[in-house]
Each structure stands twice: as C-alpha cells, then as structure tokens.
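S.K.: The sequence isn't on hand, but the structure is:
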C-alpha cells in the first residue's frame with residue numbers, strides 16, 4: 001500500500017516539478033530580456049545625451065578651427081561612437097554603432113545584418129525602435145536599434161559634395177556620405193548587450209528555486225510516509241494480525257488496538273464490539 005501511495009505521489013510531484021520548471025523558466029527568461037533591454041536602452045539614451053552635448057557644447061567651440069582642418073570631434077555621430085569605443089575596451093561584449101548605408105567614415109558602414117535593420121526602418125516609416133537577439137562569437141546578444149533620420153543639420157555636409165566643407169572633403173573624399181535626402185532613414189543606432197550574464201543569473205535562480213521546491217516535496221513525502229505508517233499502516237497490520245488470531249479461535253489474543261487515526265480507532269472499536277458479541281454468542285452456544 002505504502003509503495004503504491006509513494007508511486008502516485010512521486011508521479012504527481014514529478015508532473016508538478018515539470019510545470020513549475022516551465023513557468024519559472026519562462027518568467028525568468030522574460031525578466032532577463034527586460035533587464036538586458038533596460039541596459040541597452042540606458043546605453044542608447046547615453047549616446048543621445050553625448051550627441052546632444054556635442055552639438056550644443058562642442059560644435060560652437062570648433063567652428064573657427066573647421067576652416068583650416070576638419071574636426072571629426074564636431075560630429076555628434078563621431079563623439080557617441082568614440083565614447084562607446086572606449087567603453088568597449090573594458091567591456092568587449094557591449095557594442096554601439098551608428099550603422100549607415102552610405103557613411104562618410106567607412107568604419108560606420110552597415111554590415112549585412114545591420115543593413116537589414118536599417119531597411120526595416122526604411123520600409124516602415126512609423127517604426128521607432130526594434131529589438132532582437134543574434135548569436136555572436138562572444139555568445140548570444142540582444143540588440144536594440146533606433147533609426148537615424150536626416151535632419152537640417154545633416155544636409156550641410158551630406159547633400160552634395162559641393163556643399164560640404166572643403167576640409168571634410170580633404171579628409172574623407174567626395175565618394176561617400178553624400179546624396180542624403182531630408183527626413184530619409186540613412187542608418188540606425190544599434191546597441192548590442194550580452195545575454196550571458198542575465199541568462200547565468202536566471203539559471204542560478206531557477207536552480208535554487210527548483211532545489212528548494214524539491215527539498216520541500218521530499219520533506220512532504222517523508223512526513224506523509226511517517227504519518228501513514230504511524231496512523232494507518234501499523235495499526236491496520238496489528239488489527240489484521242489480531243483478527244487472524246481471533247478467526248482461528250484464539251481467545252487469548254489481545255484486544256484490538258485503539259491507537260492510530262480516528263478512522264482506524266473507530267474500526268478497532270467496532271472490531272472489539274464484534275469480538276465481545278462473538279464471545280457471548282460462543283458462550284451461549286456452549287451452554
């Protein structure tokens with residue numbers, strides 16, 4: 001009996017553990033994604049702040065010097081990229097790029113997967129942000145991207161080569177970074193954040209939670225087994241043994257035990273009454 005009950009409980013516990021594991025895994029995965037997206041969003045906002053600072057604070061200081069030499073530090077794109085290149089040295093898993101289809105600086109040219117993102121923004125003018133995951137040599141990474149649209153400030157350098165500063169043409173040439181149109185999506189700001197740390201943290205939490213639940217279920221199983229044995233199985237075995245003796249006519253057999261659970265005690269009391277009735281009947285028959 002105890003073996004069958006344990007088997008049923010083990011099956012129920014196993015099914016419960018599978019269901020709990022699936023729910024925990026899904027929840028932790030969602031939390032990890034939100035955490036990584038929050039990091040990516042913070043990096044993106046930081047880049048926007050750097051660009052704004054460069055445009056309002058640095059560009060006015062370099063206007064006069066631009067006549068003699070082109071200063072890339074005056075370009076907000078350049079400033080944001082340089083800042084994150086410094087960050088990348090300490091955190092190689094993190095990356096930021098202003099990927100452009102037709103950039104002035106060749107290092108900003110979009111790769112194939114980045115060009116696909118830019119094309120998504122070009123095809124959907126209402127899209128303000130896209131995110132997703134991709135596999136990299138450093139592991140799985142989440143990316144967050146926002147479109148780069150041409151504004152009035154861009155047209156002075158990127159409309160026609162003839163309109164661009166001579167110092168910029170001398171540095172980068174006349175072949176790239178021109179022909180941009182007002183409000184056109186020419187690129188995308190793309191932040192890449194590693195998933196490894198968040199996934200490792202989620203895995204540790206999942207393991208700890210499942211171990212705690214497993215320990216709890218084992219404790220419940222032990223308590224159930226002990227309770228069944230003390231309250232049901234042992235008293236019922238004693239009742240069965242005494243009933244067997246009585247059925248064979250052994251009048252010296254002990255009384256049925258009164259211990260165990262309430263139902264077992266009631267059963268013992270009923271057997272004792274039946275035994276007394278049987279003894280009286282045997283005495284009447286004997287007389």
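M.R.: Now that the structure is in, tell me what you want to look at. Treat the numbers as computed from the prediction; the structure is a model and nothing was measured. Residues are numbered from 1 along each chain as shown.
S.K.: by contact count, what packs against the longest helix anywhere in the chain?
M.R.: Scanning the chain for the longest helix, with DSSP state H as the assignment, gives helix 2-53. With contacts taken as 3 or more CB pairs under 8 Å, 6 or more residues apart in numbering; DSSP states H and E, helix 2-53 sits against helix 76-90, strand 139-149, strand 185-194, helix 196-228. Glycine gets a C-beta too; all of them are placed from N, C-alpha and C.
S.K.: Rebuild the ones you listed as TSV, extending it with mean pLDDT.
M.R.: Formatted as TSV, the helices and strands packed on helix 2-53 follow (pLDDT from 0 to 100):
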stretch	mean pLDDT
helix 76-90	80
strand 139-149	87
strand 185-194	89
helix 196-228	86
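S.K.: Relative to residue 31, which of these is closest?
M.R.: When these are compared by CB to CB, helix 196-228 sits nearest residue 31, at 6.9 Å.
S.K.: what's the angle from that closest one to strand 139-149?
M.R.: Put simply, helix 196-228 runs at 130 degrees to strand 139-149, going by axes from the mean of the first three to the mean of the last three CA atoms, to 10 degrees.
S.K.: Identify each buried residue in helix 196-228, please.
M.R.: The neighbour-count check on helix 196-228 (16 or more other CB atoms under 10 Å) flags 198, 199, 202, 206, 213, 217, 228 as buried.
S.K.: Repeat that for stretch 241-256.
M.R.: So for stretch 241-256, counting by 16+ other CB under 10 Å, buried means 242, 246, 253, 256.
S.K.: distance of residue 35 from residue 200?
M.R.: Distance of residue 35 to residue 200, given as CB to CB, to the nearest Å: 12 Å.
S.K.: Hmm, I typed the wrong one, I wanted residue 265.
M.R.: Taking CB to CB, one finds residue 265 at 55 Å from residue 200.
S.K.: Could you tell me how far stretch 223-235 lies from the centre of the chain?
M.R.: Stretch 223-235 sits 42 Å away from the centroid of its parent chain (CA atoms, centre = their mean, to the nearest Å).
S.K.: measure it end to end?
M.R.: One end of stretch 223-235 sits 17 Å from the other (CA to CA, to the nearest Å).
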